[in-house]
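K.L.:
sequence below, structure please.
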Amino acid sequence: MLATVTLTVGLIWQFVLAMFILRREEGSMGPSAMARRLWLQVPRDRVTGRPRKRLLWLLAPLGVAFTLNMLYLAPAVQNLQQHLLPGIAPLPFQDGETLFSDEVAPQMVGAWWFLALFMTLSIFNVFLGEEFIFRGILLPRMQGVFGSYDWFANGVLFGLYHLHQPWTIGGIMLASGLIMSLPVKRYRSMWLAVVPHAIQTVIVFWMLLGLMRGTV
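P.N.:
Prediction:
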């Protein structure tokens with residue numbers, strides 16, 4: 001629980017930092033300033049720069065790609081990392097499957113406070129914290145340093161940001177760069193990263209809901 005609380009506090013701090021930067025650069029934290037600076041808007045046509053709602057259909061293939069990465073590619077990369085570097089394997093308390101073990105699962109029945117904590121963490125993890133910083137604050141400014149490879153640098157940076165979970169870095173770099181940063185950069189819409197990023201949260205939420213009810 002302490003690790004979850006610590007992560008939540010850190011993510012909330014990221015949101016505060018993002019808002020501070022927004023206020024400093026735009027002079028406002030209003031909806032229009034957020035939409036303009038953080039690309040919190042409908043995807044834009046790559047040629048004309050005009051909003052095109054039909055581009056939201058990109059969320060379907062991006063969601064499928066994110067799910068396939070989560071289920072197959074990321075675990076394969078993780079296994080390769082652990083084979084090459086055995087020391088980066090997760091410790092028992094860092095393994096999410098521990099919650100669903102025969103020893104711990106009975107203690108989680110009715111622990112609705114943990115579900116509330118998870119949802120708070122998820123809101124800042126998927127949207128207000130990580131995405132605001134990486135795809136909202138950093139990505140729009142990284143072209144000045146990395147040029148056309150800004151999306152790749154953003155994905156690498158997001159992977160290295162997970163040093164507290166080194167066994168996940170490779171898979172996260174792939175998902176973050178190709179599935180989130182690149183579409184956001186091309187179509188200037190942070191929603192193209194937020195929605196795919198939320199898929200894992202939805203899956204874990206239903207798993208935890210079953211755990212709280214004692215049906216898992």
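
K.L.:
going by C-alpha atoms from here, please, whenever you check contacts or count neighbours.
P.N.:
Noted.

K.L.:
run a quick neighbour tally on residue 54.
P.N.:
Other residues lying near residue 54 total 11 when counted by other C-alpha atoms under 10 Å.

K.L.:
make sure it is indeed in a strand.
P.N.:
No: assessed with DSSP: H, G, I helix; E, B strand; the rest coil, residue 54 is helix; it does not lie in a strand.

K.L.:
quick one: it from residue 165, how far?
P.N.:
Going from residue 54 to residue 165 by C-alpha to C-alpha, to the nearest Å gives 37 Å.

K.L.:
now swap in residue 197 and tell me
P.N.:
For residue 197, the distance to residue 165 - C-alpha to C-alpha - is 17 Å.

K.L.:
of these two, who's got more company?
P.N.:
It is residue 197, of residue 197 and residue 165, that has more neighbours when counted by other C-alpha under 10 Å, with 23 against 16.

K.L.:
just checking, the more buried one touches residue 125?
P.N.:
No: if you go by C-alpha atoms under 8 Å, residue 197 and residue 125 don't touch, sitting 9.0 Å apart.

K.L.:
helices of the protein, start to end?
P.N.:
For the chain, applying DSSP state H gives helices covering 2-26, 31-37, 59-68, 74-84, 105-108, 112-123, 130-131, 139-146, 150-160, 169-174, 182-187, 191-213.

K.L.:
what's across from residue 51 in the sheet?
P.N.:
Beta bridges link residue 51 to residue 44 when assigned by DSSP bridges.

K.L.:
so what's the residue count around it?
P.N.:
16.

K.L.:
residue contacts, it?
P.N.:
Contact analysis of residue 51 by C-alpha atoms under 8 Å, 6 or more residues apart in numbering lists 42-45.

K.L.:
quick one, grab the pLDDT at it.
P.N.:
Listed pLDDT for residue 51 reads 92.

K.L.:
now it: how far from residue 113?
P.N.:
41 Å.

K.L.:
how many neighbours does residue 25 have?
P.N.:
So residue 25, with other C-alpha under 10 Å, has 12 neighbours.

K.L.:
roughly how far apart are it and residue 177?
P.N.:
25 Å.

K.L.:
and what of residue 135?
P.N.:
Applying C-alpha to C-alpha, the value for residue 135 to residue 177 is 10 Å.

K.L.:
hey, which helix or strand in the protein has the poorest pLDDT?
P.N.:
The weakest-scoring helix or strand in the chain, judged by mean pLDDT, DSSP states H and E, is helix 105-108 (a mean of 70).

K.L.:
who does it touch, helix- and strand-wise?
P.N.:
Applying 3 or more C-alpha pairs under 8 Å, 6 or more residues apart in numbering; DSSP states H and E, one finds that helix 105-108 contacts helix 191-213.

K.L.:
mind listing what's buried in the helix it packs on?
P.N.:
For helix 191-213, a neighbour-count test (16 or more other C-alpha atoms under 10 Å) marks 191-199, 201, 205, 208-209, 211-212 as buried.

K.L.:
coming back round to it: and the helices of the chain, which one averages the lowest pLDDT?
P.N.:
helix 105-108 (a mean of 70).

K.L.:
chain center to that one: distance?
P.N.:
The chain centroid and the centroid of helix 105-108 are separated by 27 Å under C-alpha atoms, centre = their mean, to the nearest Å.
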